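Engineer: make a model of this:
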Amino acid sequence: MQPKKILAKSLHYILRYVFRSEKHLKIAIIAAVLLSALALFYNYLIVIFFIALGAVSLIHTIWTKNYIGFELCTLATVICAIKFGPLVGAVVGATSIVLGLILSINLDAGLFLAAVMFGVIGVIASFFTFQQVLFAGMLCAIIYDAVMVGFYLFMGSSPVTSGIYFITHMLTTYYVFMFLAPVFVPIVNAKF
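Structural biologist: Have a look, this model is predicted:
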């Protein structure tokens, strides 16, 4: 059977099924609208997803304070900066860190500086490609930590606490970029 006939026959069966009942027609219309919306707004949904992911990843600091340096804001910032450019990367980074710190009730003098630094790493990350995502993530984390740890030490934070944060942040960032980035990169690059 020719491909044209197979396509026509398949389409005939699908249309017959859809128009068989009002329920099937409603399901088909809803599915078509959702798929169209996904295709039209995919990039916006990706950006919103990464902002939310970064923000929610900081909730643990309600209990752990800043002793453990786990966060996904860097991942969100780097991936969005590589995919969409420096402006989107900066917005995703700054927004996710501010929302995360607000959600975790972790507001202090470093909030403004953290937002600025995530904006900066969004710009820096935009110069890299997805093949360099691990290097980009680690470089951005080092730059961020150099400024932020220095700031908190200057403000009187304990060198031991700052050291523990830096070490755990470097280790968790490495593992996040090593194992999570390869999961998210194909999703971000999906074409509709």
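Engineer: what's the spacing between residue 51 and residue 36?
Structural biologist: As judged by C-beta to C-beta, to the nearest Å, residue 51 and residue 36 stand 24 Å apart. Using the backbone N, CA and C atoms, a C-beta is placed for each residue, glycine as well.
Engineer: for residue 20, helix, strand, or coil?
Structural biologist: Here residue 20 is recorded as coil under DSSP: H, G, I helix; E, B strand; the rest coil.
Engineer: neighbours around it, how many?
Structural biologist: For residue 20, the neighbour count with other C-beta atoms under 10 Å is 10.
Engineer: one more: residue 170?
Structural biologist: Neighbours around residue 170, by other C-beta under 10 Å: 15.
Engineer: what segments of the chain are helices?
Structural biologist: Ranges of helices within the chain are 3-18, 22-56, 61-64, 73-84, 86-103, 111-125, 133-154, 159-175, 181-188, based on DSSP state H.
Engineer: which one of the ones you listed is the most hemmed in?
Structural biologist: Mean neighbour count (mean count of other C-beta atoms under 10 Å) peaks for helix 73-84 among the helices of the chain, with a mean of 28.
Engineer: rewinding a little: how about CSV for the helices of the chain, with mean pLDDT added?
Structural biologist: Below are those laid out as CSV (pLDDT from 0 to 100):
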stretch, mean pLDDT
helix 3-18, 68
helix 22-56, 81
helix 61-64, 85
helix 73-84, 96
helix 86-103, 94
helix 111-125, 94
helix 133-154, 94
helix 159-175, 93
helix 181-188, 93
